[in-house]
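In: no FASTA, just this:
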């Protein structure tokens, strides 16, 4: 890109005993995002577009049945990762295990991993706590609970959803968790003293009475207590400005806008907190009164850009629908102008009249679902369409860009990201606090694929975009290097290298496992390595590496199918009473007019199967291949079909053809 001057955050920081995360990653990879800016960028260039085909396996460590996910952190001559219930330290040159520590409960979340600082390794836990281990030995130094509701063993309650960040003597972690019917249980951010684990400050995403922003919630109920604003990812930090940045999740109840009039601050927003005090310095809400599942789950990226002749410290924020917002990271004001545009309205759901959109920006992925991407009977929807009880067969483009980390190259002035085109059936019920249950959102026959794109940081325009074979919205994301390479892991087990300029595939290697972990790159013994956690192994690669690929795993489907348990029964209910496992009030059961229970049933050949209509409307069960039907069944009535021929049958209701189920005859 000509005429663009872009530099990454280069803060002047106090000396540390290890590589400076305030600088772009080089010899080490000292933070989960490569640096405090979350840029997933490395200055190393020994491996480049000209020689990447010579990249081979340097070493591999296979975990014994433990699933591993996250980005390795490499510092002080050690590599730190989490896998299953263990924290490991490896020799980054040889792959030998230096130490391991077994946790009481596993780290969980979108991209787990560790933070390192002051000779300690910090890990966020499912039980709503942070633990600090000695960097040299793995011996625990302190453990600090930070959740108000943390169940023993990590079953329920709040949890640390992403890897924590270490900066200037503080460990900063975000919390997500259970939806509580009585206690305040919103997402929150907690800062701990790195030496002792003592809590230094706490920020609640949903403001309580007397706190700024509380008036954006209804005054006639206490729905603000019920959760929302989950913090899913590792913070980005600018110590020079004294700010820590996070994206927040959707409000609760997720689709129940009628229960929570107002903008519902500070959900679905970027928040900038004072590093020392945790006080809110600024916020920017990307979705007002979210009823669309628009969590900000993609890690934020700090970058410095020259805008209209002057340098400006900025932050890149990806919204779920594929729009990249570029904001001033000191003030929260847009770098690329943003306008409020009208969106579809529902008086019942108390929708916001407008939503923000970056002016002139390109949207990654489609805004609407293609008609040929979904099975018969469904109405394809668009982002910001109304999801309500009067549209029971709407299927929308939820979560195009969410969770997988982006990367930013200061050399190219480009953002890189991955996402998915994977339409989802989101249903609403009369009770706003019922979200889903019993697999009713499972739709067979939906076309699925991924997206990879490069966006110009100056114009917010797509430079290149390519379709990927698999759903990767929640996948490994990308890592970019000064060697002009873009590393990405595919669910079929291949770790890949692309030309960052063109998007062309240059190299791939079969790791043997779902390659879901973002890559890290570092230097050891004068050689550049690329390391990545596949779901069951930790791989490291260098030029001339000789370790051979592993057998490929089963690739994921590109068309959705029925999933879940197949129940042995000859009695099937139409318009079933279901249980919501995520309910946050006493109402745990609801009736779904448009479903069968069980969704998947099996019988022996020769059996007679009975369908009973428990709903308010006439329904039927009719094989998609036309081989059998119950005919119309009135409310309160039953019909039977005898099955002599073995086979697997997908069937639906003639009058409501989006109602699908499966019968297996053995």
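Out: That came through, no problem. Bear in mind that the values here come from a model prediction, so they are computed numbers and not experimental data.
In: where do the strands sit along the stretch 401-550 of the chain?
Out: For the stretch 401-550 of the chain, the strands defined by DSSP state E, counting those that start in this stretch cover 407-409, 414-421, 424-425, 449-456, 462-468, 479-481, 485-489, 494-499, 505-510, 520-524, 527-534, 537-543.
In: Reformat these as JSON lines; add distance to residue 263, mean pLDDT and mean neighbour count.
Out: C-beta coordinates here come from the backbone N, C-alpha and C atoms, glycine included. Supplementary listing: the strands of the stretch 401-550 of the chain in JSON lines, determined by distance: least, C-beta to C-beta, whole Å; pLDDT from 0 to 100; neighbours: other C-beta atoms under 10 Å:
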{"stretch": "strand 407-409", "distance to residue 263": "29", "mean pLDDT": "97", "mean neighbour count": "28"}
{"stretch": "strand 414-421", "distance to residue 263": "26", "mean pLDDT": "96", "mean neighbour count": "26"}
{"stretch": "strand 424-425", "distance to residue 263": "24", "mean pLDDT": "90", "mean neighbour count": "19"}
{"stretch": "strand 449-456", "distance to residue 263": "27", "mean pLDDT": "97", "mean neighbour count": "23"}
{"stretch": "strand 462-468", "distance to residue 263": "30", "mean pLDDT": "97", "mean neighbour count": "16"}
{"stretch": "strand 479-481", "distance to residue 263": "35", "mean pLDDT": "98", "mean neighbour count": "29"}
{"stretch": "strand 485-489", "distance to residue 263": "36", "mean pLDDT": "97", "mean neighbour count": "29"}
{"stretch": "strand 494-499", "distance to residue 263": "39", "mean pLDDT": "98", "mean neighbour count": "22"}
{"stretch": "strand 505-510", "distance to residue 263": "43", "mean pLDDT": "98", "mean neighbour count": "19"}
{"stretch": "strand 520-524", "distance to residue 263": "38", "mean pLDDT": "97", "mean neighbour count": "26"}
{"stretch": "strand 527-534", "distance to residue 263": "38", "mean pLDDT": "96", "mean neighbour count": "26"}
{"stretch": "strand 537-543", "distance to residue 263": "44", "mean pLDDT": "97", "mean neighbour count": "24"}
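In: Out of the ones you listed, which is closest to residue 27?
Out: Shortest distance between residue 27 and those, using C-beta to C-beta, is found for strand 520-524: 4.5 Å.
In: ok so, going back, between the strands of the stretch 401-550 of the chain, which one is nearest to residue 435?
Out: Comparing these by C-beta to C-beta, strand 424-425 comes nearest, at 12.8 Å.
In: what helices or strands is that closest one leaning on?
Out: Counting contacts by 3 or more C-beta pairs under 8 Å, 6 or more residues apart in numbering; DSSP states H and E, strand 424-425 packs against strand 394-396.
In: okay if I get the strands of the stretch 401-550 of the chain as a markdown table plus distance to residue 134?
Out: Compiled in a markdown table, the strands of the stretch 401-550 of the chain are given as follows (distance: least, C-beta to C-beta, whole Å):
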| stretch | distance to residue 134 |
| --- | --- |
| strand 407-409 | 32 |
| strand 414-421 | 36 |
| strand 424-425 | 44 |
| strand 449-456 | 40 |
| strand 462-468 | 41 |
| strand 479-481 | 28 |
| strand 485-489 | 31 |
| strand 494-499 | 31 |
| strand 505-510 | 34 |
| strand 520-524 | 22 |
| strand 527-534 | 22 |
| strand 537-543 | 21 |
